[in-house]
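A.B. asks: The sequence isn't on hand, but the structure is:
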Ligand SMILES: [Zn+2]
Ligand SMILES: [Zn+2]
Ligand SMILES: [Zn+2]
Ligand SMILES: [Zn+2]
């Protein structure tokens, strides 16, 4: 039996187990006067917490930073666009909200320069108020989502934190080396419409790669798909190539590709069919016997381009 091979985990099984995990973010510079940033909603955006201007720009209802249009009630209580949409009356004084903008505060906002919200994760860029949001959507210091295929896992973090999380909380198989030979088994494969097998993580070139294997329907046709994702940014992922092969009885199906960054969701990779796709009938043929059991051996290799 191949190392770590053969454990089938269906989506359902991994559902309730791994919810509500939080990974603590590594804190850079603790002596900084800047407020701790988090990635949830309602955070302070890296501004000094004692800064009065920042407090003014915090929505009194949801505490997120307000971006123009900034609204106010007839008594001058400010409100962000989102909260304005949800309230007819001012949450502070219950007075009916009209359509009053707070232009003075919008002007103040324009004059501000703010640190990226991922400052505590290592980004030291400073931005004019309006450019900040745009930068943050592409900031390379923003935490990654957990690459485990179950969409129920909400853990985020940097790569070392996620590697530890995958080992400790998802019990994934970790392998050192750039070649692999992995076996996937499943009894009664005909009953399986949607299944994901246990993720495998490969450590090579000092980086980590996730091997996914799953069953789903492509149009009407049941298929299996195997693909590799890279734990890092897209521009680094492109520096690698990989192959996947499966076969038996003198037949072989092979795939050569570029691993996808885990910034791309596992679903997105699946939908773009960027991996080795094996029709179920062929997979069962490769499995031998009478097609009652799935028994696939997938071999692969990762190398630097
Ligand atoms: Zn608000
Ligand atoms: Zn009010
Ligand atoms: Zn940034
Ligand atoms: Zn996870």
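C.D. replies: Received, thanks. Worth saying up front: this structure is predicted, and the values here are computed from it rather than measured. Numbers count the residues shown, from 1 in each chain. Ligands and ions are numbered 1, 2, ... in the order given.

A.B. asks: what comes into contact with stretch 276-285?
C.D. replies: 189, 215, 218, 221-227, 244-246, 248-249, 251, 253-255, 286, 291, 294, 296, 298 (Cβ atoms under 8 Å, 6 or more residues apart in numbering). Using the backbone N, CA and C atoms, a C-beta is placed for each residue, glycine as well.

A.B. asks: List buried residues within these.
C.D. replies: 189, 215, 222-227, 244-246, 253, 255, 286, 294, 296, 298 (16 or more other Cβ atoms under 10 Å).

A.B. asks: I'd guess residue 82 is in a strand, am I close?
C.D. replies: No - read with DSSP: H, G, I helix; E, B strand; the rest coil, residue 82 is helix and lies in no strand.

A.B. asks: quick one, what contacts it?
C.D. replies: By Cβ under 8 Å, 6+ apart, the residues touching residue 82 are 59, 62, 64.

A.B. asks: Over to residue 163?
C.D. replies: Residue 163 neighbours (Cβ under 8 Å, 6+ apart): 201, 208, 231.

A.B. asks: which among those gets closest to ligand 1?
C.D. replies: residue 231 (35.0 Å; Cβ to the ion).

A.B. asks: Least confident of the contacts of residue 82?
C.D. replies: Looking at the contacts of residue 82 by pLDDT, the weakest one is residue 64, with 86.

A.B. asks: what's that one sitting at in phi/psi?
C.D. replies: phi -80, psi 160 (degrees, to the nearest 10).

A.B. asks: isn't residue 88 right next to residue 97, touching?
C.D. replies: Yes - using Cβ atoms under 8 Å, residue 88 makes contact with residue 97 at a distance of 6.2 Å.

A.B. asks: Looking at these two, which is more packed in?
C.D. replies: residue 97 (19 against 7; other Cβ atoms under 10 Å).

A.B. asks: Which residue lies nearest the spatial centre of the chain?
C.D. replies: Nearest to the geometric centre of the chain sits residue 145, at 2.8 Å (Cα atoms, centre = their mean).

A.B. asks: if I look at the closest residue to residue 293 other than its chain neighbours, how far off is residue 153?
C.D. replies: Distances taken as Cβ to Cβ, 6 or more residues apart in numbering place residue 187 nearest to residue 293, at 5.2 Å, with adjacent residues excluded. Distance of residue 187 to residue 153, given as Cβ to Cβ, to the nearest Å: 26 Å.
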